[in-house]
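Engineer: Take this sequence and fold it.
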Amino acid sequence: MEKLLSINEKQVEELSNLVDQVRGRFNKADETQERVLYELERAIWKLQLTPFIILEKKIEAIINELGAKLRKQVQCECSGFQFEAPEELKENLSNIILHLIRNSVSHGFESSFDRLSRGKLSVSKIKITASFDGAFLKIIVADDGRGLDLDLIVQKAVEKNKLTQAQAKQLSFKEKVNLILKTSVSTSNTMNEISGSGVGISAVKALVESLNGEIELIQIPNEGLRVEMFFPLKMIGLDATPVNIGDEVIWLPSQSFSVLETHEIKNKVALPLAEVLGWKAQSKEKKQTMGGSQFILLKENIGIPEVIAVDQIGATRFQFFRKLDPIWQTLGPPWLRYWLKKTNRLVLACRQDCSQEVKCSFKLGLLLDVSTVQKLVD
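Structural biologist: The predicted structure is shown next:
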């Protein structure tokens, strides 16, 4: 069903600020008033957000269509799109991802015969994942094609006077991979209805930068090309789960973990979330919560203990998160200041109702993604 009311980001911000002003007029709002304001704020945010799962289905359909047109067998895997974000971001990301898909299918993927002769499976694969990295949305588009022709890219860059022969000889492997982003050279001399004139990567870079994002190319010989992109977020909505550590509450994206029973952690190392947040060094009063009594299993394998121990796991719900104001780096509780200083990043937060359902001492609930766990552990 199409939305009957269109509202932009600025209007949402103005309405949210108005709710804060109303809240400020109550010296001590009772539970009913606070609940009404909380639900009003959620309704305002909902007006601007749209489900990203729609984008996942669109991607899969287009890959199937492109594969059929070019007579290439292509298998697509999408994950992490179970969240809501502003419509404008969804449309821009759709254009970016489609550029990369066309580039992979048209130029990156070999024919089934060539793949078999190189010891690969005949079916080409492209994997598109979305995840959160602090207050950023991380999108990865990875294929198992032939990758970039680095020698040709360097040659084209020299021919177009983008760099000298001497500079070309000094380039590292990583610098050669990302040279196509800096010089906007094209390695394709053909044009077709699928891939255009071979300037897909340059077009992607322009689109990413228009959203104040960052892009990096990673190539592993004989394994294909991986494109990593980061986009700043002001607001998202997703299914999240509150977990208690003492009187504090941290929120986790529900798609990033699963709950474990005590008997399932046998032979696994469980790292207390309190220790991850630096409470052992920050507050003696928190030491009693270090052990944890419930356990969660992180779904992403990024070189850290997979099992995290917490005191209590709450009920999963759809929650809205906004970028946390940097002022909390100095005004927040000790554990939050440690978190922000340690990771050197912005984070997403929600306004939580510290009532009977969720007992907490801090009115803002922080969203803890797996990437941030990695930075805190390191």
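
Engineer: distance of residue 227 from residue 215?
Structural biologist: To residue 215, residue 227 is 7 Å away according to CB to CB, to the nearest Å. For every residue, glycine as well, the C-beta is placed using N, CA and C.

Engineer: Mutual contacts of those two, please.
Structural biologist: Common neighbours of residue 227 and residue 215 are listed as residue 204 (criterion: CB atoms under 8 Å, 6 or more residues apart in numbering).

Engineer: In terms of packing, which of the two has more residues around it?
Structural biologist: Just comparing residue 227 and residue 215: by other CB atoms under 10 Å the higher neighbour count belongs to residue 227, 25 against 20.

Engineer: Is residue 157 in a helix, a strand, or coil?
Structural biologist: When classified by DSSP: H, G, I helix; E, B strand; the rest coil, residue 157 comes out as helix.

Engineer: how about the helices in the stretch 101-250 of the chain?
Structural biologist: 112-117, 150-159, 165-170, 173-177, 179-183, 200-210 (DSSP state H, counting those that start in this stretch).

Engineer: tell me the angle of the second one relative to helix 200-210?
Structural biologist: If I follow you right, that is helix 150-159. 70 degrees (axes from the mean of the first three to the mean of the last three CA atoms, to 10 degrees).

Engineer: in helix 150-159, what's buried?
Structural biologist: Judged by neighbour count using 16 or more other CB atoms under 10 Å, the buried positions of helix 150-159 are 150, 153-154, 156-158.

Engineer: mind giving me the domain ranges of this protein?
Structural biologist: 50-148+187-232, 237-377 (automatic domain parsing).

Engineer: quick one: low-confidence parts of the stretch 51-200 of the chain?
Structural biologist: Where the stretch 51-200 of the chain drops to pLDDT under 70, the residues are 183-200.

Engineer: Which parts of it are strands?
Structural biologist: Using DSSP state E, counting those that start in this stretch, the strands of the stretch 51-200 of the chain run over residues 74-79, 83-86, 124-133, 136-143.

Engineer: Figure out which of the ones you listed is closest to residue 111.
Structural biologist: Closest to residue 111 of the strands of the stretch 51-200 of the chain is strand 124-133 (CB to CB; 9.5 Å).

Engineer: where's that closest one relative to the chain centroid, distance-wise?
Structural biologist: In terms of CA atoms, centre = their mean, to the nearest Å, the centre of strand 124-133 is set 10 Å apart from its chain centre.

Engineer: cool, stretch 205-216 as well?
Structural biologist: Here the centre of stretch 205-216 is set off from its chain's centre by 14 Å, with CA atoms, centre = their mean.

Engineer: Can you point out the buried residues in it?
Structural biologist: 205, 207-208, 211, 213, 215.

Engineer: Out of those, give me the two with the largest separation.
Structural biologist: Among the buried residues of stretch 205-216, 205 and 211 lie farthest apart (CB to CB), at 11.3 Å.

Engineer: circling back: could you save the strands of the stretch 51-200 of the chain as a markdown table and add columns showing distance to residue 350 and mean neighbour count?
Structural biologist: As requested, the strands of the stretch 51-200 of the chain are exported to a markdown table (distance: least, CB to CB, whole Å; neighbours: other CB atoms under 10 Å):
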| stretch | distance to residue 350 | mean neighbour count |
| --- | --- | --- |
| strand 74-79 | 23 | 16 |
| strand 83-86 | 13 | 21 |
| strand 124-133 | 13 | 21 |
| strand 136-143 | 16 | 21 |
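
Engineer: JSON lines for the ones you listed, including distance to residue 369?
Structural biologist: Formatted as JSON lines, the strands of the stretch 51-200 of the chain follow (distance: least, CB to CB, whole Å):
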{"stretch": "strand 74-79", "distance to residue 369": "14"}
{"stretch": "strand 83-86", "distance to residue 369": "12"}
{"stretch": "strand 124-133", "distance to residue 369": "4"}
{"stretch": "strand 136-143", "distance to residue 369": "9"}
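
Engineer: Quick one: closest of these to residue 368.
Structural biologist: If we rank these by CB to CB, the stretch that ends up nearest is strand 124-133, at 9.4 Å.

Engineer: what's stretch 75-95 in contact with?
Structural biologist: With contacts defined as CB under 8 Å, 6+ apart, stretch 75-95 is touched by 9, 48-56, 58-60, 63-64, 123-131, 137, 139, 207, 210-211, 231, 233-239, 253, 255.

Engineer: gap between that stretch and the chain center?
Structural biologist: On the basis of CA atoms, centre = their mean, stretch 75-95 sits 10 Å off its chain's mean C-alpha point.

Engineer: got the end-to-end distance for that stretch?
Structural biologist: 20 Å (CA to CA, to the nearest Å).

Engineer: returning to what we had before: mind putting the domains of the chain in CSV, distance to residue 170 included?
Structural biologist: Below are the domains of the chain laid out as CSV (distance: least, CB to CB, whole Å):
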stretch, distance to residue 170
domain 50-148+187-232, 19
domain 237-377, 30
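
Engineer: Please name whichever of those domains is nearest to residue 44.
Structural biologist: domain 237-377 (9.5 Å).

Engineer: and the closest one, how far apart are its ends?
Structural biologist: Length of domain 237-377, first residue to last, CA to CA: 26 Å.

Engineer: swap in stretch 96-113?
Structural biologist: 30 Å.

Engineer: in it, what counts as buried?
Structural biologist: 96-110, 112.

Engineer: which of these sit farthest apart?
Structural biologist: Going by CB to CB, the pair spanning the buried residues of stretch 96-113 furthest: 96 and 112, at 27.8 Å.

Engineer: who's in contact with stretch 339-355?
Structural biologist: For stretch 339-355, the surrounding residues in contact (CB under 8 Å, 6+ apart) are 31, 34-35, 38, 41, 132-136, 232-233, 236, 240, 242, 249, 251, 277-278, 319-324, 326, 328-329, 332, 358, 360-361, 363-367, 372, 375-376.

Engineer: For those, which PyMOL command selects only the ones that are buried?
Structural biologist: Per 16+ other CB under 10 Å, the buried members of the contacts of stretch 339-355 correspond to this PyMOL selection:
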select buried, resi 34+38+41+132+133+134+135+136+233+236+240+242+249+251+277+278+319+320+321+322+323+324+328+332+358+360+364+365+366+367+372+375+376
